[in-house]
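K.L.:
Can you look at this prediction? I've put the sequence above it.
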Amino acid sequence: MKNLLIKVGLFIIALCLSTAISAKTIEVCKNCEINTVKKAVELAERGDVIIVKKGLYQEIEIFVDKPLIIIGEPGAILDGQMLSEIIVIRSDSVTLDGLEFHNVGTSNLRDYAAVRVRGSRYFTIKNLIIRQPFFGIYLEKSSYGKVYNNQIYGNAVSEFYAGNGIHLWYAHYIEIFNNTIYQVRDGIYLEFSNNCTIGNNVSKNNVRYGLHFMFSNNDIVRNDRYENNGAGIAIMFSKDMEASDNYFMDNWGSAVYGMLLKEVYDAKIINNVFLRNTAGIFVEGCSRILYEYNDFESNGWAIYSRGANYENNFTNNNFISNSFDIAYTGPLNKNVFNGNYWSDYNGYDLDKDDIGDIPYKPVKLFSNLVNRSPEAIILLRSIFVDLVEFAEKVSPTITPNILQDETPRMRMITHDRN
């Protein structure tokens, strides 16, 4: 049996070596014998390398049905002429590296993409530049792939006439990192996509969400930056998620959030920065979520809890100079707000343990008034609010007593960020 295993191993090694030795390099250029990428792909054999030289190649619907490495030299541009999608990968073990894509076709019936990966595994898509996409990179029923160091620049002005930068549909175990995505519908979108890792991306100026999850589980988001989007991250109908060490900045608008959580369970929101958003986090129908070591600074609302949230834990967070720290509706439902720093806390610490001696109530009366009558927000900086705050101090029973931090911190909580 041992000898048989050795022989099988030697056979596999020999097969791999023979494939590597037989692999050839095909060059594509305007004056070469092979002057289109489509022709090079048709002539190539498994494991070949295609080098695309600098130049403009007006091509669409290039189908890659075998393991290949396709490398674009600087200035190698594939132009879809607004007709259709450009490259469709339908094989395992394909690498796409360094090409530039322009002018993907648009359609109300088909999701045209600069690069579509369909039913593939162990693929790599890297160092691409995509301009004027409909969809940029579209992964469909694929797994164990890497998408990194890509730049996607759209010109979307409405979510109804735009696609997503990086789109996953039934795609699992995908790594998405070091990508830059501007002005598309959703920067990154995952639907029914599990066990994916997303990190070190910049998603900015997108008309809907910087990152959007639907029905996806066990995904991780780390070290990303979401700036000036319709909303930073939306996580919906998902569980066992983690978002840590991310920045959510300048996501402003009438219904705009740094992070939107809806029907999410067993998640961790840790060590993030929420800076200058209409609402840092909007949460509805979520349970067993840990919010820890986050900074909420200069937001309209730091936390906007709409209701039906159960057994969530907010601890060791900093709430700094927000217009409203907490907007909360409904019963407490075993949600806990303890051990946080609140910049508006005016309590004392007689035993010098850095924990306030009296509880802090972050739900303000004026916040409740705004929840009931949103137009009251115009009074935010007026003397009326000063009178309301004075009334709260004189008669604390006016203030909603459903929520309080029993152990407010006297000093900002320091923590390390990557």
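P.N.:
Perfect, I can see it now. The structure displayed is predicted, hence computed values, not measured ones.
K.L.:
So which bits of stretch 240-259 are buried?
P.N.:
Neighbour-count burial for stretch 240-259 flags 240-251, 256-259 (criterion: 16 or more other C-beta atoms under 10 Å). Where you see a C-beta, it was placed from the backbone N, CA and C, and this is true even at glycine.
K.L.:
and the two most separated of those?
P.N.:
Asp240 and Asp250 (29.5 Å; C-beta to C-beta).
K.L.:
and the end-to-end length of stretch 329-342?
P.N.:
One end of stretch 329-342 to the other measures 20 Å (C-alpha to C-alpha, to the nearest Å).
K.L.:
Other residues contacting that stretch?
P.N.:
305-320, 325-326, 355, 360, 362, 371, 402-413 (C-beta atoms under 8 Å, 6 or more residues apart in numbering).
K.L.:
In ChimeraX, select just the buried ones from those residues.
P.N.:
Selection of buried members from the contacts of stretch 329-342 for ChimeraX, criterion 16+ other C-beta under 10 Å:
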select :305,306,308,309,312,313,314,315,316,317,318,319,320,325,326,355,360,362,371,403,404,405,407,408,409,410,413
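K.L.:
mind listing which of the contacts of stretch 329-342 are in strands?
P.N.:
Counted as lying in strands by DSSP state E, out of the contacts of stretch 329-342, are Ser305, Arg306, Gly307, Asn313, Phe314, Thr315, Asn318, Phe319, Ile320, Asp325, Ile326.
K.L.:
Let me know the pLDDT of the first one.
P.N.:
pLDDT recorded at Ser305 is 90.
K.L.:
Kindly state the pLDDT recorded for Glu191?
P.N.:
Value for Glu191, per-residue pLDDT: 98.
K.L.:
Does it touch Trp169 like I think?
P.N.:
Yes: taking contacts as C-beta atoms under 8 Å, Glu191 lies within contact range of Trp169: 5.2 Å.
K.L.:
longest single strand anywhere in this structure?
P.N.:
Per DSSP E, the chain has its longest strand at strand 257-270.
K.L.:
Would you mind checking the average pLDDT for that strand?
P.N.:
Mean pLDDT, computed over strand 257-270, is 97.
K.L.:
out of the ones in strands among the contacts of stretch 329-342, which one sits closest to Tyr209?
P.N.:
Among the ones in strands among the contacts of stretch 329-342, and counting by C-beta to C-beta, the member closest to Tyr209 is Arg306, at 17.9 Å.
K.L.:
Quick check: closest non-adjacent residue to that closest one.
P.N.:
Using C-beta to C-beta, 6 or more residues apart in numbering and skipping residues adjacent in sequence, the residue nearest Arg306 is Glu284, 3.8 Å away.
K.L.:
Would you quantify the distance from that neighbour to Gly210?
P.N.:
19 Å (C-beta to C-beta, to the nearest Å).
K.L.:
do the same with Ile235
P.N.:
12 Å.
K.L.:
Look at those two and report which has more neighbours.
P.N.:
Gly210 (31 against 28; other C-beta atoms under 10 Å).
K.L.:
Was I right to think the more buried one contacts Arg185?
P.N.:
No: with contact defined as C-beta under 8 Å, Gly210 and Arg185 do not form a contacting pair (10.8 Å).
K.L.:
Okay, now the unreliable bits of the stretch 1-150 of the chain?
P.N.:
Low-confidence segments of the stretch 1-150 of the chain (pLDDT under 70): 1-22.
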